[in-house]
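Visitor: Fold the following.
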Amino acid sequence: MFIATLIAPGRLTAADISNARDRLAAAECAPVAWEWLDEGDAADIAFRTAPDAARTALEGVFAGVDVVVQSNHARQKALLVADMDSTMITVECIDELADYAGIKPQIAAITEAAMRGELDFEGALDARVALLKGLSESVIETCLAERVRDMGGAETLIRTFRARGGTAILVSGGFTRFAEPVAARLGFNRAVANRLELADGALSGTVTKPIVGAQTKLDTLQAATAELGLSPAQTLAVGDGANDLAMIGAAGLGVAYHAKPVVAAAAAARIDHNDLTALLYAQGIPKSEWVIS
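Guide: The predicted structure follows:
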């Protein structure tokens, strides 16, 4: 059995559900029962066959509605591996550091190209960090306090996931000086990220090797899956950039979150309209069971 979850808090109607079921029937997906997760916010439609056809029939059809199609097997995940920049937080930290150095447009253009998959991530990171050489170490804490904000729904997602026995790991192509406090604040088990190198109280323009990139993200997902004795079906990965593609592709549920086109096109599921609590609805968890601090 498969599940199509429609998510649009405050906007979802019974007519939308009826239309979706008709589309599934026309695509020969054999829809059966449906139910609200939270009335007007999210609903599940069960169907028997052809999940790829179901995605084609439903994704992008309803304005403002995100659709997640998946097997009903192992729907509630036990491992979550998440990207940080533009996924768990609202900014790209390296771009914000660059703003303090007066070179944000130059660095942001490289960041955008790397996240679209147009540049080698490792080389692009080295090039950007080199441009920050000499920036005072104190700017890191200033940037963290002034610029780094949690993505909507991030803390609710992670604390609910952990409360249900899950393990959550933040894996970032950014920097430990941001990832570690963000992970602690949101409730992750741990964080993996790049380490900025310093000299005489300033950035040296280098990061410790090897660089945390796409391979590290995939390795972290697979190693944690093995360590926890899980099957791949029990895992969830979420990110927005090209360096997240490998882990998204390997996870039981790989989600492109407000992602670059190359990622949205490749992921089995994408969240384009809603915040990160959509990933709780995707696991069949109603709002009454969320941990909201």
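Visitor: Farthest from the middle of this protein: give me that residue.
Guide: For the chain, the C-alpha lying farthest from the average C-alpha position belongs to residue 200; by CA atoms, centre = their mean, that distance is 35.8 Å.
Visitor: could you list every residue that touches the residue lying closest to residue 101 once chain neighbours are set aside?
Guide: Excluding its sequence neighbours, the residue lying closest to residue 101 (CB to CB, 6 or more residues apart in numbering) is residue 135, at 5.1 Å. Placement of C-beta: from N, CA and C, glycine included. When the contact criterion is CB atoms under 8 Å, 6 or more residues apart in numbering, the partners of residue 135 are 97, 100-101, 202-203.
Visitor: Give the buried subset of the residues you listed as a PyMOL selection command.
Guide: Selecting only the buried members of the contacts of residue 135 in PyMOL, with burial defined as 16 or more other CB atoms under 10 Å, works like this:
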select buried, resi 97+100+101+203
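Visitor: Which of the contacts of residue 135 sits closest to residue 126?
Guide: Nearest to residue 126, judged by CB to CB, of the contacts of residue 135 is residue 203 at 13.0 Å.
Visitor: what residues go with each domain of this structure?
Guide: When the chain is parsed into structural domains using automatic domain parsing, the resulting residue ranges are 1-73, 76-293.
Visitor: Let me have those domains in a markdown table, extended by mean pLDDT.
Guide: Below are the domains of the chain laid out as a markdown table (pLDDT from 0 to 100):
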| stretch | mean pLDDT |
| --- | --- |
| domain 1-73 | 97 |
| domain 76-293 | 97 |
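Visitor: Pick the most buried one from those.
Guide: Greatest average neighbour count among the domains of the chain goes to domain 76-293 (a mean of 19), per mean count of other CB atoms under 10 Å.
Visitor: returning to that earlier point: from the contacts of residue 135, which ones fall inside helices?
Guide: With helices identified by DSSP state H, the entries of the contacts of residue 135 that belong to them are 97, 100.
Visitor: Can you tell me which of the contacts of residue 135 is nearest residue 51?
Guide: Distances from residue 51 to the contacts of residue 135, taken by CB to CB, are shortest for residue 97, at 41.9 Å.
Visitor: what about that closest one, distance to residue 36?
Guide: Residue 97 sits at a distance of 44 Å from residue 36 (criterion: CB to CB, to the nearest Å).
Visitor: now do residue 286
Guide: Residue 286 is 8 Å from residue 36, where distance means CB to CB.
Visitor: what do those two both touch?
Guide: Counting by CB under 8 Å, 6+ apart, the common neighbours of residue 286 and residue 36 are residue 42.
Visitor: ok, back up a step: state the distance from the residue farthest from the centre of the chain to residue 132.
Guide: Note on residue 200: its distance to residue 132, by CB to CB, is 15 Å.
Visitor: Then residue 117?
Guide: Residue 117 sits 23 Å away from residue 132, taking CB to CB as the criterion.
Visitor: now residue 240
Guide: Residue 240 sits 22 Å away from residue 132 when distances are taken as CB to CB.
Visitor: Could I get the full set of helices for the stretch 51-200 of the chain?
Guide: For the stretch 51-200 of the chain, the helices defined by DSSP state H, counting those that start in this stretch occupy 51-58, 93-100, 104-115, 121-130, 138-146, 154-163, 176-186.
Visitor: circling back: for the contacts of residue 135, which one is nearest residue 171?
Guide: Comparing those against residue 171 with CB to CB places residue 97 closest, at 19.7 Å.
Visitor: And the strands in the stretch 151-293 of the chain?
Guide: Using DSSP state E, counting those that start in this stretch, the strands found in the stretch 151-293 of the chain span residues 167-175, 190-194, 196-199, 202-207, 235-239, 253-257, 269-271.
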